[in-house]
Structures are given as structure tokens and as C-alpha cells.
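Peer 1: got a sequence here, can you build the structure:
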Amino acid sequence: MKAATVGRELTAATADRPLQSPYIGPKSNRLRLQTLVRLRWLAVAGQAIAVISVHFGLGFPLPLGLCLAAIAASAWLNIYLSIRYRANLRMRNRYAAMLLAYDILQLAVLLYLTGGLQNPFSFLFLVPATVSASTLPMKYTIPLVALTLAVATILAFGHLPLPWTPEEPFNLSVTYTGGIWAALVCGLCFLGMYVWRISEETKRMSEALAATEMVLAREQQLSALDGLAAAAAHELGTPLATMALVARELKRDLGDDPTHGEDLDLLISQANRCREILSTLTLRDDPEDKVFGRMKLSVMLEEIADPLRGGDTAIAISADFEEAALDEGRSEPMVERNPGVLYGITNLVDNAIDFAGNAVNIAARWDHDTVSITIVDDGPGFAQEVIDKLGEPYVTTRSGHWMSEIAADGEHEGMGLGFFIAKTLLERSGAVVAMANRTHPDHGAIVRIVWPRDDIDAERRRGSPT
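Peer 2: Here you go, the predicted model:
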């Protein structure tokens with residue numbers, strides 16, 4: 001139940017933004033000013049070298065003063081930005097889009113002065129749109145692509161002559177110029193969409209993995225608290241025994257004193273009760289194990305399912321070796337209290353209960369080589385539109401995606417991270433997680449978790465004989 005509660009707290013805490021982390025989120029996704037400044041310096045250097053080489057190296061006539069003025073404008077803009085703002089400033093998206101729009105217009109001016117789309121450097125129109133697609137939301141990228149297409153269309157028909165030898169004028173046919181324009185349009189659309197999709201997938205995966213790390217850290221903190229409680233039990237045992245001893249001595253000295261006798265009896269009983277509670281905590285602490293020990297596979301499943309019982313859904317647990325198991329594989333596996341494994345299985349069982357009709361069955365099976373846990377419910381099963389995407393972040397069939405509120409009918413509305421987190425944590429432990437729907441006429445979902453026995457069995461890892 002604690003793991004399920006942590007998952008719901010994570011959902012509530014991330015309603016307005018994907019995660020509360022200093023490394024990801026809206027601000028960290030913004031484009032750094034220094035990145036644009038460095039790219040523009042690179043463009044300034046390349047443009048200057050190209051213009052000077054064409055004019056002085058090849059001897060082709062071009063409006064050198066106007067070209068250098070356009071290049072100098074970018075240089076002065078960079079100098080101003082570098083002096084006015086910190087280099088590590090992360091710009092708001094609209095300001096970054098404005099700077100990229102400037103780069104498009106500045107390049108358009110240079111191309112107008114040097115042949116329009118006939119200039120072989122016209123492919124550089126792809127750069128600002130690509131940078132926008134990889135760093136800015138789509139609502140800013142689309143206007144930048146539209147601006148690029150607009151100026152490219154203008155340059156296809158209106159521009160100064162391409163720098164060339166006066167004796168041999170260079171003129172491309174309208175058809176070929178149209179082909180260049182079409183190629184530029186296709187490149188902008190394809191490259192922009194491709195880069196945007198890759199960037200979005202990377203961001204989503206980074207956010208979801210950070211959520212996984214946060215949940216695992218929370219589970220480790222809870223486990224550490226259990227260990228501290230067991231350690232505190234050892235330390236508090238002696239003073240409680242002393243208090244009980246002193247109380248008994250006082251009762252013996254006072255005899256049947258009606259004034260203090262009942263108080264002393266209460267003090268002795270409460271001290272004994274405290275010692276019983278502490279002894280229970282002490283039993284959890286095995287000095288040979290990390291935190292508070294190992295447990296049998298069936299015990300782990302009972303520990304997970306017990307807090308989830310009490311509702312309308314019946315939870316049945318079975319644990320046994322496979323019929324074909326060899327004698328040396330029949331002993332029940334001993335598993336460590338791995339916070340990731342506990343959280344992952346708890347989350348999957350909790351999801352099964354949420355969607356089940358009347359019952360959830362949890363079956364643990366093992367043989368000499370593998371250990372498996374199968375969770376089966378009698379609900380509607382996985383929706384066909386999401387079953388192939390399960391295990392990816394932000395995939396959910398719950399209503400109110402990205403909402404943290406409770407629906408009017410009391411149903412919890414999820415983010416689509418719970419299954420991803422559970423699957424990721426289980427796979428980190430060496431498991432393979434598979435999902436399917438039950439075959440007709442049965443209905444419901446099946447989740448199967450399979451480990452190599454050497455990865456999950458603590459006795460095997462210690463090198464003990466089976």
C-alpha cells in the first residue's frame with residue numbers, strides 16, 4: 001500500500017508540470033542563449049568567408065558592401081546579447097523563436113543579394129527550422145517554417161543575379177528553380193517533423209526515467225526507515241527494561257497503596273507493551289541481510305497483497321514449483337526486499353484491482369532456471385489501441401490524462417507513468433515483463449513477470465546449494 005500511495009502522490013505532485021526535478025521540466029527544456037549566440041557566430045564566420053572568397057577569390061561581382069552590412073548586423077546582435085545577458089540564460093520560447101526568425105530573415109537578405117534560390121547555400125534555410133523543431137514547442141516551429149517557406153517563395157522569383165562571370169551569364173530555368181523550391185519545402189517538412197518527433201520522444205523518456213528514479217529513491221527511504229526502526233529497538237530495549245524494573249521495585253515497596261498502585265500497574269503494563277512492539281521490530285532485523293532481510297516468494301506476495309485486500313475484489317495467491325521441475329529446482333526461491341521489485345509488483349497488482357470485476361489471481365511458479373509471477377484479472381482487459389504501447393511513458397487508459405484530481409465518480413485519474421515505472425524497475429532487476437489479454441470466452445488482462453532464477457533467488461546469488 002505504501003508503494004501505491006507513493007505512486008498517487010507522484011501523480012498529484014506532477015499535475016501542472018511533468019516532474020519536480022532540478023534537471024528537467026519547462027525551464028530546463030528552454031534553449032540557452034549561448035547556444036544561439038555560438039551558432040550565429042559560426043554563421044557569421046561562414047557567411048563572411050563565403051562572400052569574401054566569391055568576390056576576391058573567384059572575382060565574381062556582387063554587392064559586397066550590402067552583404068557585409070547584413071553579416072555585420074548579426075555580429076553586432078551577438079555582441080549586444082553577450083554583453084546584455086548572461087551566457088547561461090535559458091530564454092523564453094517566444095524570444096528564442098524571435099531570434100530564429102531574425103536568422104531566417106538575415107539569411108534571406110543575403111540570398112536576395114546573391115542569387116536567391118539559385119545560390120547553392122539556400123539549403124541553409126533548413127537550419128533555423130531544425131533548431132526550432134528540436135528545442136521549441138510546435139506552436140513556435142510552425143510559424144518559423146511558414147516564414148521560411150514564404151521568404152523562399154519570394155526568393156524563387158525576386159532576387160539579384162547570382163554572382164558569376166559577366167562574360168557567361170548564369171540563368172537557371174524556371175522549372176529547375178521550382179524544383180529547388182520543392183526540394184526545400186520537402187526538406188523543411190520532413191526534417192522538421194523528424195527532428196521534432198525525436199526530440200519529443202527524448203524529452204518524454206527523460207522525464208519518465210526521472211520519475212522512476214524519484215519513486216525508487218522514495219522506496220529506498222522508506223526501507224531505510226524500517227532499518228532505523230529496528231536499530232532503535234535495540235537501543236531502547238535497555239532503558240525500557242530499567243523503567244519496568246524500577247516500577248516493580250516501587251510497587252513492592254509501596255505495597256497495596258491505593259493512591260499510586262494503579263498508576264504503577266499502568267506504567268508496568270505500558271513498558272511491557274513497548275518492549276513487545278520493539279521486539280517485533282527487532283525480529284525484522286537480520287544482521288546477515290541488507291535492511292531487514294530476505295523472504296520467501298510466497299511471503300513477499302502475501303505482504304504485497306495484504307494491504308490491498310478489504311475491497312470488493314478478491315485477491316487469490318498461489319505459489320508452487322512447475323510440474324516438470326527437477327528436484328533441485330523445487331525449493332521455493334528466497335527473494336531480497338528490493339524496493340524496485342516491491343514497488344513494481346505492487347503497482348501491477350493495484351492496477352489489476354482497479355480494472356478487475358470480482359477477482360485478481362496472482363500465481364508464482366518456479367523451476368530450476370526461472371521464477372515467474374503471473375497477475376490475472378477478470379476485467380475488460382487491455383484496450384487494443386494501447387496494448388502495443390504499454391511500457392512506454394504517458395500511455396494510459398484512465399480518463400483525465402495529466403490530471404491529478406479525483407473524477408466525479410471517485411475514479412483515480414492517472415498520468416500514464418505508473419505502468420512504465422513498474423516495468424522499468426522490474427526490468428532493472430533482470431525481469432522480462434509481458435502483457436496480454438485472456439482468450440475468449442474468458443476476459444481480463446494478464447501480466448507475466450519472468451526472472452532468471454539466478455537473478456532473483458538470494459540463495460543462488462550467495463552461492464548456496466539449492
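Peer 1: okay, CA-based contacts and neighbour counts for the rest of this
Peer 2: Noted.
Peer 1: low-confidence stretches in the chain?
Peer 2: By pLDDT under 70, the low-scoring segments of the chain are 1-29, 87, 208, 211-213, 215-235, 278-293, 323-329, 388-417, 461-466.
Peer 1: strands of that one, start to end?
Peer 2: Counting by DSSP state E, one finds strands in the chain at the ranges 294-296, 314-321, 334-336, 359-366, 370-377, 432-437, 445-452.
Peer 1: who's in contact with residue 264?
Peer 2: Applying Cα atoms under 8 Å, 6 or more residues apart in numbering to residue 264 gives the contacts 247-248, 250-251.
Peer 1: can you check residue 137 too?
Peer 2: Residue 137 sits next to residue 93 when contact means Cα under 8 Å, 6+ apart.
Peer 1: and for residue 145, the neighbour number?
Peer 2: Neighbour count for residue 145, taken as other Cα atoms under 10 Å: 23.
Peer 1: same thing with residue 39?
Peer 2: When counting by other Cα under 10 Å, one arrives at 13 neighbours for residue 39.
Peer 1: look up how far residue 74 lies from it.
Peer 2: Between residue 39 and residue 74 the distance is 11 Å, computed by Cα to Cα, to the nearest Å.
Peer 1: ok, back up a step: mark which of the contacts of residue 264 are part of helices, please.
Peer 2: The helices, defined by DSSP state H, take in 247-248, 250-251 from the contacts of residue 264.
Peer 1: tabulate those in CSV, adding columns for neighbour count and distance to residue 303.
Peer 2: What follows is those, written out as CSV (neighbours: other Cα atoms under 10 Å; distance: Cα to Cα, whole Å):
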residue, neighbour count, distance to residue 303
247, 19, 38
248, 16, 39
250, 14, 43
251, 19, 42
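Peer 1: returning to that earlier point: TSV for the contacts of residue 264, including distance to residue 271?
Peer 2: Converted to TSV, these look like this (distance: Cα to Cα, whole Å):
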residue	distance to residue 271
247	9
248	11
250	14
251	14
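Peer 1: so which of the strands of the chain gets nearest residue 197?
Peer 2: strand 432-437 (26.2 Å; Cα to Cα).
Peer 1: how about the CA coordinates for that closest one, as CSV?
Peer 2: C-alpha atoms of strand 432-437 as CSV (Å, rounded to 0.1, in the frame of the first residue of the first chain):
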residue,chain,number,x,y,z
VAL,A,432,11.1,-9.7,-18.6
VAL,A,433,7.6,-8.2,-18.4
ALA,A,434,4.9,-9.3,-20.9
MET,A,435,1.3,-8.3,-21.3
ALA,A,436,-1.7,-9.9,-23.0
ASN,A,437,-5.4,-10.3,-22.8
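Peer 1: residues making contact with it?
Peer 2: 381-382, 387, 423, 426-427, 443-451.
Peer 1: for the residues you listed, which one is nearest residue 269?
Peer 2: Using Cα to Cα, the contacts of strand 432-437 come closest to residue 269 at residue 426, 45.3 Å.
Peer 1: residue contacts, the closest one?
Peer 2: Contacts for residue 426 (Cα under 8 Å, 6+ apart) come out as 340-341, 344-345, 432-433.
Peer 1: same check, this time on residue 294
Peer 2: Counting by Cα under 8 Å, 6+ apart, residue 294 has contacts 334-337, 458.
Peer 1: what is the nearest of the residues you listed to residue 154?
Peer 2: residue 337 (67.5 Å).
Peer 1: what distance do you get for the closest one to residue 458?
Peer 2: 10 Å.
Peer 1: check residue 322 too.
Peer 2: To residue 458, residue 322 is 19 Å away according to Cα to Cα.
Peer 1: name the nearest residue to residue 309, ignoring sequence neighbours.
Peer 2: Excluding the flanking residues, the one nearest residue 309 by Cα to Cα, 6 or more residues apart in numbering is residue 315, at 6.8 Å.
Peer 1: so the one you found sits against residue 356, correct?
Peer 2: No: the pair residue 315 and residue 356 does not pass the contact test of Cα atoms under 8 Å, sitting 10.3 Å apart.
Peer 1: need the distance between the two termini of stretch 317-331.
Peer 2: In stretch 317-331, first residue to last residue: 18 Å (Cα to Cα).
Peer 1: go on, stretch 442-458?
Peer 2: Taking Cα to Cα, stretch 442-458 runs 36 Å from one end to the other.
Peer 1: for it, which outside residues touch it?
Peer 2: Residues outside stretch 442-458 that contact it (Cα under 8 Å, 6+ apart) are 294, 333-336, 348, 352, 356, 366, 368-382, 429-438, 460-461.
Peer 1: go with 7 Å
Peer 2: 333-336, 369-382, 430-438, 460-461 (Cα atoms under 7 Å, 6 or more residues apart in numbering).
Peer 1: how about the contacts made by residue 135?
Peer 2: Residue 135 sits next to 30-31 when contact means Cα under 7 Å, 6+ apart.
Peer 1: ugh, wrong one, residue 47
Peer 2: Counting by Cα under 7 Å, 6+ apart, residue 47 has contacts residue 71.
Peer 1: 10 Å instead, please
Peer 2: The contact partners of residue 47, by Cα atoms under 10 Å, 6 or more residues apart in numbering, come to 41, 53, 67-68, 70-71, 107, 110, 121.
Peer 1: before we move on, back to that, mutual contacts of residue 337 and residue 458, please.
Peer 2: Contact criterion Cα under 10 Å, 6+ apart; residues shared by residue 337 and residue 458: 294-295.
Peer 1: need the helices for the protein, in chain order.
Peer 2: Here the chain has its helices, by DSSP H, at 2-13, 33-52, 64-84, 93-113, 126-135, 138-157, 174-254, 261-283, 297-305, 339-355, 384-387, 418-428, 453-456, 458-461.
Peer 1: identify whichever of these lies nearest to residue 163.
Peer 2: Nearest to residue 163 among these is helix 93-113 (9.1 Å), distances taken as Cα to Cα.
Peer 1: what angle separates that closest one from helix 64-84?
Peer 2: Inter-element angle recorded for helix 93-113 and helix 64-84: 160 degrees (by axes from the mean of the first three to the mean of the last three Cα atoms, to 10 degrees).
Peer 1: tell me the buried residues in helix 93-113?
Peer 2: By 16 or more other Cα atoms under 10 Å, the buried positions in helix 93-113 come out as 93, 96-97, 99-101, 103-113.
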